[in-house]
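1. Predicted structure and sequence below. I'll ask about it afterward.
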Amino acid sequence: MPDVKKILFVCVENAGRSQIAEGFFRKYAPSGYAAQSAGTKPTDMVNPLAITVMKEIGIDISNQQPKIISDSMICQSSRIVNMGCMDKESCPALFVQNVLDWEIPDPKGKSLDEVRKIRDLIEKRMLDLCKTLE
């Protein structure tokens with residue numbers, strides 16, 4: 001599927017925000033687009049609260065795995081979304097291309113209700129993003 005446009009969602013650990021975003025993009029993306037997510041220092045597993053809040057709304061991200069960002073991921077992406085935790089020291093390559101910066105709070109260490117609010121914010125941003133895609 002070489003004509004599929006990839007959208008890359010990035011945060012440091014690739015355990016919460018970017019995984020939620022990947023799940024939402026899989027649901028809302030227009031035809032011809034695919035999601036991927038990655039981080040500069042990925043953890044071993046997706047944040048369990050992220051999995052929980054997504055399951056509450058019928059999206060299962062439990063099989064997603066944190067991945068380290070690579071140059072090929074960056075090069076193959078038609079758009080990169082910084083979830084709000086990256087800076088030039090963490091990942092200078094992110095600032096070479098067309099990067100959206102969403103400035104989403106990190107769900108790590110937050111309560112279930114706070115993670116729900118973060119999920120809802122990501123969903124709103126995702127719906128706005130999908131409206132701009134062809």
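-> Cool, got the structure. Residues are numbered from 1 along each chain as shown.
2. Which helix runs longest in this protein?
-> helix 112-132 (DSSP state H).
3. What helices and strands are in contact with it?
-> helix 17-28, helix 48-55 (3 or more Cβ pairs under 8 Å, 6 or more residues apart in numbering; DSSP states H and E). Bear in mind the C-beta positions are built from the backbone N, C-alpha and C, glycine included.
4. Please point out which parts of it sit buried.
-> Val115, Arg116, Ile118, Arg119, Leu121, Ile122, Glu123, Arg125, Met126, Leu129, Cys130 (16 or more other Cβ atoms under 10 Å).
5. Just checking, which helix or strand of the chain averages the lowest pLDDT?
-> Ranked by mean pLDDT, DSSP states H and E, the weakest helix or strand in the chain is strand 99-101, scoring a mean of 85.
6. That one - which strands sit beside it in the sheet, and in what orientation?
-> Strand pairing for strand 99-101, using DSSP bridges, gives strand 77-82 (parallel).
7. So which residue is dead centre in this structure?
-> Ser18 (2.5 Å; Cα atoms, centre = their mean).
8. For that one, list the residues it contacts.
-> Phe9, Val10, Cys11, Ser37, Ala38, Gly39, Met83 (Cβ atoms under 8 Å, 6 or more residues apart in numbering).
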